[in-house]
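>>> below are the sequence and a predicted model for it; my questions follow.
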Amino acid sequence: MMRGPRTITLLTDFGLDDAYAGVMKGVIASIAPRANVVDLCHAVQPYQIGQARFLLRQSWHYFPQGAIHVCVIDPGVGGSRRALCVQAAGHLFIGPDNGLFTDLLHEKGARAREIANPKLMLPHVSQTFHGRDVFAPAAAHLAAGIPPARLGKLVQDATRLETGAPVRIGRRFWQGEVAHIDRFGNVITNLDAAGFFALAHKGLELKIGFEALRRRANTYAEAPAGELFVIAGSAGTLEVSLKEGSAAKKLGVGIGAPVELEVW
């Protein structure tokens, strides 16, 4: 049984230029004033479900058991897609059924429920802002002690997307992609750093944009100024960085751009 205030995290593509994220927090405060609300990130690029999956995958396990994660990257809002609550690994995940929770659904014992109980939504549900009218109220009611079963029935066909894992395309070659670009311009790939560094007994080459990079660094500090380099980032994946500059701008790449890795 959970004791003390529940933690609710918010992951959205709403940005901070509008009141959307703040209004969601207001709804939560009205229903569950003791909840501890954490702004995980509101800067997901609009409609980028893959980027949100990456950020969620790198973040949720740092929160305490029983945390409720509200994830609103929802290009299908107002359409036929369902609202979901996924129970996985002792956490709860609230958001649209559009593949955002693919990775969580692979967790042992994971269960998904449709959020369908109108008593646990705001009285008037708009067609354009389910973050405020459906997802935030559901999370707040859970934080206030409502059991997940009250939200709706279990579903067996929640949307699952491809894993997004790198693909081996040759004996020494892998194809991956850019999963995220942080505000410093670091280009974060989906290539596992420890695994590929272990394979690279002599060296590696990462092709991205029009560049083929062989320079590696263990820290940002040791890297030479003005040169792109490959580093193991805090997410555990290979990053391309530029000391005190934006690697993304220099490379001219965005989220989803292909990368090719060769090791020898």
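Structure received. Residues are numbered from 1 along each chain as shown.

>>> could you look up the SS state of His180?
Of the three states, His180 takes strand under DSSP: H, G, I helix; E, B strand; the rest coil.

>>> same question, Glu162
Quick answer, by three-state DSSP: Glu162 is coil.

>>> sticking with the residue nearest to Glu205 when sequence neighbours are not counted, tell me its helix or strand.
In space, and not counting its chain neighbours, Glu205 is closest to Glu262: 4.7 Å by C-beta to C-beta, 6 or more residues apart in numbering. Quick note: C-beta positions are derived from backbone N, CA and C, even for glycine. When elements are assigned from DSSP states H and E, Glu262 belongs to strand 258-263.

>>> other residues contacting that strand?
With C-beta atoms under 8 Å, 6 or more residues apart in numbering as the test, strand 258-263 has contacts from 166, 169, 172-178, 189, 191, 196, 199-200, 203-208, 238.

>>> which of those fall within helices?
Per DSSP state H, helices hold the following members of the contacts of strand 258-263: 196, 199.

>>> okay, how far is it across stretch 159-176, tip to tip?
23 Å (C-alpha to C-alpha, to the nearest Å).

>>> list the buried residues in that stretch.
By neighbour count on 16 or more other C-beta atoms under 10 Å, the buried set for stretch 159-176 is 159, 166, 174, 176.

>>> correct me if wrong: the first one contacts Gly95.
This points to Thr159. No - with contact defined as C-beta atoms under 8 Å, Thr159 does not reach Gly95; the gap is 11.1 Å.

>>> who does the strand holding Glu262 pair up with?
With DSSP bridges as the test, strand 258-263 is paired with strand 173-181 (antiparallel), strand 204-208 (antiparallel).

>>> so how far is Tyr62 from Asp39?
Going from Asp39 to Tyr62 by C-beta to C-beta, to the nearest Å gives 14 Å.

>>> looking only at neighbour counts, state which of these two leads.
Using other C-beta atoms under 10 Å, the more surrounded residue of Asp39 and Tyr62 is Asp39, with 13 against 9.

>>> which residues does the helix or strand bottoming out on mean pLDDT in the chain contact?
Averaged element by element with mean pLDDT, DSSP states H and E, the chain has its least confident helix or strand at helix 193-199 (a mean of 92). With contact meaning C-beta under 8 Å, 6+ apart, helix 193-199 is reached by 174, 204, 232-233, 236-238, 261, 263.

>>> redo that, cut-off 10 Å
166, 172, 174, 176, 189, 192, 204, 206, 216, 230-239, 261, 263-264 (C-beta atoms under 10 Å, 6 or more residues apart in numbering).

>>> list the contacts for Val187?
Contact analysis of Val187 by C-beta under 10 Å, 6+ apart lists 178-181, 206, 208-209, 228, 230, 233, 238-242, 246-251, 253-255, 257, 259.

>>> what subset of the residues you listed is buried?
Listed as buried from the contacts of Val187 are 178-181, 206, 208-209, 228, 230, 233, 238-242, 246-248, 250-251, 253, 255, 257, 259; burial here means 16+ other C-beta under 10 Å.
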